[in-house]
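Asks: The following comprises the amino acid sequence and a computationally predicted model.
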Number of protein chains: 2
Amino acid sequence: MESAPAIQRLLDELERMPGIGPKSAQRIAYWMLNSDRETVLRLAEAIVEVKETVHFCSRCFNYAEDELCEICSSAKRDASAICVVSEPRDIAAIERTAVFFGTYHVLGGALSPMDGIGPDDLHIAELMQRLASGEVKEVLIATNPNVEGETTAAYLARLIKPLGVEVTRLASGLPVGGDLEFADEITLGRAIESRRVL
Amino acid sequence: MESAPAIQRLLDELERMPGIGPKSAQRIAYWMLNSDRETVLRLAEAIVEVKETVHFCSRCFNYAEDELCEICSSAKRDASAICVVSEPRDIAAIERTAVFFGTYHVLGGALSPMDGIGPDDLHIAELMQRLASGEVKEVLIATNPNVEGETTAAYLARLIKPLGVEVTRLASGLPVGGDLEFADEITLGRAIESRRVL
């Protein structure tokens, strides 16, 4: 395809984005060519701005524009509860539920001996430092319900419990609206083990 | 979701792109946050560059960085054949076939009385001007095989034939690799009407 070099460069860069193949890149490139200048430049500016201004919160390692993230610096959040997650994107998922009002701590991954990721590669020391103040009453471990996430949860529980802080874990069970028939046996097994009295 | 304002702005702008919903926008935004600065800024620059440098070719209305597009300014292209298309993106599709070596002319749409698009809204006068030189021997009309595209093709054929220029049209028929059973009756009817002698 003999397209203008600038268009080819744009297509190459667009295709680096996750989930964007050659067809989507072309669709987006033509949209950019046909859209008014202002709309497109606003997107470019938003991209630059995010890279210039967003870094990690010095307390919880969430994304932040200031020294502390929006949640750590909010007076409305309950500092006596910390929800531990693997990645900043997990915070967004939990915030959408609107049922947790404490603060967060991002580990930056999960323990994985296979990939050579040990406790020193995660923000665990910083979490222990936060617990040292004695202000925290509960640590809710919200790592993923997979091998690495469960390993990390077990490791953290062993580390934190001796401090007299309550350690909790997200419940496993059937997804709401899900179908019992299609649940995998591990999930269904967990749902039975964790059955509630009605 | 309490995300940093810069991230929210980026999400809003990303969602304007075609085919990008909230989930894809979030996936792309996190990719941008996690990728190295250089990769992401290169994308932003490619976007700005395309809007700053790309405009329409003064001869054929394809996208171009200079006065003429890459195809119009190439000495290798056969100036005696013009392929007429609706949009610049159609040129990319035809170039990928690598079977047409002439030049192009972009109409900028197709005739559509329903949408109030008449001949004066398309680059038809400019096409007639190109034909006036007498250099052009064939005009291949490659508008879409739909109502607007066929109307445009018929209109152009009536206009161009009196000049003694050969007017051709893309063949309609079964898609290669397609299944006769699943062809719609109009396509199959066209394929029968346009049957070739073997």
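Replies: Cool, the structure landed.

Asks: and the longest strand for chain A?
Replies: strand A:78-85 (DSSP state E).

Asks: In terms of secondary structure, what does it contact?
Replies: In terms of contacts (3 or more CB pairs under 8 Å, 6 or more residues apart in numbering or on different chains; DSSP states H and E), strand A:78-85 is packed against helix A:88-97, strand A:102-106, helix A:124-132, strand A:138-141. To be clear about C-beta, it is placed using only N, CA and C from the backbone, and glycine gets the same treatment.

Asks: Out of these, which gets the lowest mean score?
Replies: Sorting these by mean pLDDT places helix A:88-97 lowest, at a mean of 89.

Asks: What residues sit buried inside it?
Replies: Going by neighbour count (16 or more other CB atoms under 10 Å in any protein chain shown), the buried part of helix A:88-97 is A:88, A:89, A:90, A:91, A:92, A:94, A:95.

Asks: likewise stretch A:157-176?
Replies: Under the neighbour-count rule (16+ other CB under 10 Å), stretch A:157-176 has A:159, A:160, A:167, A:169, A:173 buried.

Asks: Among those, which one lies nearest to chain B?
Replies: Chain B has its nearest neighbour among the buried residues of stretch A:157-176 in residue A:169, at 23.1 Å by CB to the nearest CB.

Asks: In terms of pLDDT, where does the closest one sit?
Replies: 90.

Asks: what comes into contact with the longest strand of chain A?
Replies: Applying CB atoms under 8 Å, 6 or more residues apart in numbering or on different chains, the contact partners of strand A:78-85 are A:91, A:94, A:100-107, A:127, A:130-131, A:135-143, A:156.

Asks: ChimeraX command to pick out the buried ones of the residues you listed?
Replies: Buried members of these can be picked out in ChimeraX with the line below, counting by 16+ other CB under 10 Å:
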select /A:91,94,100,102,103,104,105,106,107,127,130,131,136,139,140,141,142,143,156
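
Asks: so what's residue A:17 closest to, chain neighbours aside?
Replies: residue B:28 (5.1 Å; CB to CB, 6 or more residues apart in numbering or on different chains).

Asks: With residue A:101 instead?
Replies: Take residue A:101 and drop its neighbours on the chain: the residue closest to it by CB to CB, 6+ apart is residue A:78, 5.2 Å away.

Asks: Kindly reformat the helices and strands packed on strand A:78-85 as a markdown table containing distance to chain B.
Replies: What follows is the helices and strands packed on strand A:78-85, written out as a markdown table (distance: least, CB to the nearest CB, whole Å):
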| stretch | distance to chain B |
| --- | --- |
| helix A:88-97 | 5 |
| strand A:102-106 | 10 |
| helix A:124-132 | 19 |
| strand A:138-141 | 17 |
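
Asks: Tell me which of those lies nearest to residue B:112.
Replies: Closest of the helices and strands packed on strand A:78-85 to residue B:112 is helix A:88-97, at 43.2 Å (criterion: CB to CB).

Asks: for that closest one, the distance to its chain's centre please.
Replies: On the basis of CA atoms, centre = their mean, to the nearest Å, helix A:88-97 is displaced by 6 Å from the centre of the chain it belongs to.

Asks: tell me what it is packed against?
Replies: strand A:78-85, strand A:102-106, helix B:22-34.

Asks: Sheet partners, orientation included, of the shortest one?
Replies: For strand A:102-106, the paired strands and their directions (DSSP bridges) read strand A:78-85 (parallel).

Asks: May I see the buried residues of the strand it pairs with?
Replies: Of all the residues in strand A:78-85, those buried under the rule 16+ other CB under 10 Å are A:81, A:82, A:83, A:84, A:85.

Asks: what's the angle between that strand and helix A:88-97?
Replies: Between strand A:78-85 and helix A:88-97, the angle comes out at 120 degrees (axes from the mean of the first three to the mean of the last three CA atoms, to 10 degrees).
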